[in-house]
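Enquirer: Sequence isn't available, so here's the structure alone:
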């Protein structure tokens, strides 16, 4: 770290107890990610009212629902490149600002009708997907800079668990807004909240070496544990920018056996996520005879269990590191055990007891939460020259499941007339994820490019 960066942090602070600004940073990541997921869900919650008011049929609504996923996947690599080229602070702030504007703008769709309304809403959802693309690679990049290895899984688990928190907290809130004030207001409120968060991000996010509230003791502690404290600072930022344009570095990334295993594992882990997001409520209604109201309530139980499991998985992994287990063992153990636990959903094929089905599904999603440490692994392994780009590839591979999983499950149900094969398919993805980390990934360590 250069002398200039230590200005104002000298002698008296060198013996101070370290500050805890890094936990303020991860709390902000958690809040931003919660709103990120809530903004994705706005059109789903408002969908029934929108389709009725605008006269949109099911096919048109399906077309609109798909817009976000396609754009989000396609924009991952450009989003990661932008993070490496311009840094996390400015790119992520612009991401929050633009996705909030596109969220709020969806409330104006009511001024249009028919095909024009479909086109406008599809376009805004597509732009929302593009705008949100840097979010998770940005989260990973910030954690890599702000946290030492022994705390990184916990930090990652906290922001990653926001996806469950958003369902539990924001879904009822947005439902009440739609009921009390009308569907356009939910877009305006969520968009406005995002604009406030964009300003908050600019206020509090800095590289550790430059943060006005982090003392030298904390920065030294992070650096000693492998944190990239100078990421996006001075010459380091220039080096990152140059690395993002080096095709040889990118080629080495794609040829790395470790990263092939990590990318495959994330694809399979996300298959469980998208089963619960898309087909699980339908399973409860069609296969288990629940009412839509019952299914809506029951579907929140796995989300809560996933939240708890997600936090515990990160805490357990970091505890293993503090107990002097290797990084590979500390990261792989929760992932493998969690994926094996999630396979218990197959047991639902052998019981007709509703409460037992719910319990098995909750336990399955709890296991999925424990095993969802992919972003922690990315923070541990991504080459410092292209941390954003590597995170973009990782997120792109993982979110391909948002396209394939619902389609494959739909065909299985159509061909067999049963959800039994669908549960086996989802469990098989969990098994492949576990095998990928056990057999393909090998030693988990930060990749260093060979010149």
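Expert: Thanks, I have the structure now. This one's a predicted model, so the numbers in the text were calculated from it and none came from an experiment.
Enquirer: so how many other residues sit close to residue 281?
Expert: Neighbours of residue 281 under the rule other CB atoms under 10 Å: 17. Quick note: C-beta positions are derived from backbone N, CA and C, even for glycine.
Enquirer: Let me know the helix or strand that it is in.
Expert: helix 280-286 (DSSP states H and E).
Enquirer: buried stuff in that helix?
Expert: Residues 280-281, 283-284 are the ones in helix 280-286 that count as buried (16 or more other CB atoms under 10 Å).
Enquirer: so which of these would you say is closest to residue 441?
Expert: If you rank those by distance to residue 441 using CB to CB, residue 280 comes first, at 28.6 Å.
Enquirer: Quick one: residues contacting residue 67.
Expert: Shown in contact with residue 67 (CB atoms under 8 Å, 6 or more residues apart in numbering): 122-123, 125-126, 129.
Enquirer: Of these, which belong to helices?
Expert: 122-123, 125-126, 129 (DSSP state H).
Enquirer: Adding neighbour count, pLDDT and distance to residue 82, write those out as JSON lines.
Expert: JSON lines is the format used below for the ones in helices among the contacts of residue 67 (neighbours: other CB atoms under 10 Å; pLDDT from 0 to 100; distance: CB to CB, whole Å):
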{"residue": "122", "neighbour count": "17", "pLDDT": "88", "distance to residue 82": "24"}
{"residue": "123", "neighbour count": "15", "pLDDT": "93", "distance to residue 82": "21"}
{"residue": "125", "neighbour count": "25", "pLDDT": "90", "distance to residue 82": "21"}
{"residue": "126", "neighbour count": "21", "pLDDT": "93", "distance to residue 82": "18"}
{"residue": "129", "neighbour count": "24", "pLDDT": "91", "distance to residue 82": "15"}
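Enquirer: Among the residues you listed, find me the one that's closest to residue 92.
Expert: Nearest to residue 92 out of these is residue 129 (CB to CB; 16.0 Å).
Enquirer: Quick check on residue 211: phi, psi?
Expert: Per-residue torsions, residue 211: phi -70, psi 130 (degrees, to the nearest 10).
Enquirer: which residues sit against the helix or strand hosting residue 194?
Expert: In this assignment (DSSP H and E), residue 194 forms part of helix 183-204. For helix 183-204, the surrounding residues in contact (CB under 8 Å, 6+ apart) are 24-25, 28, 31-32, 35, 38-39, 42, 45-46, 49-50, 53, 89, 92-93, 96-97, 99-108, 110, 170, 174, 177-178.
Enquirer: Of those, which count as buried by neighbour count?
Expert: By neighbour count, with 16+ other CB under 10 Å, these hold 24-25, 28, 31-32, 35, 38-39, 42, 45-46, 50, 53, 89, 92-93, 96-97, 99-107, 170, 174, 177-178 as buried.
Enquirer: Which members of those residues occur in helices, if any?
Expert: The helices, defined by DSSP H, take in 24-25, 28, 31-32, 35, 38-39, 42, 45-46, 50, 53, 89, 92-93, 96-97, 99-105, 170, 174, 177-178 from these.
Enquirer: From the contact counts, what lies against the helix holding residue 281?
Expert: helix 292-298 (3 or more CB pairs under 8 Å, 6 or more residues apart in numbering; DSSP states H and E).
Enquirer: continuing past the helix it packs on, what's the next helix or strand?
Expert: As assigned by DSSP H and E, the chain's next helix or strand after helix 292-298 is helix 300-322.
Enquirer: List the buried residues of the next helix-or-strand element following that next one.
Expert: Next helix or strand after helix 300-322 toward the C-terminus (DSSP H and E): helix 327-342. Within helix 327-342, the residues scored as buried using 16+ other CB under 10 Å are 327-328, 330-342.
Enquirer: farthest-separated two in the residues you listed?
Expert: 327 and 342 (23.2 Å).
Enquirer: Low-confidence ranges, the stretch 151-300 of the chain, go.
Expert: When residues are selected by pLDDT under 70, those of the stretch 151-300 of the chain lie in 232-246, 292-293, 295-296.
Enquirer: on that earlier part again, okay, the contacts of residue 67 in CSV with distance to residue 269 next?
Expert: Below are the contacts of residue 67 laid out as CSV (distance: CB to CB, whole Å):
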residue, distance to residue 269
122, 29
123, 31
125, 25
126, 26
129, 21
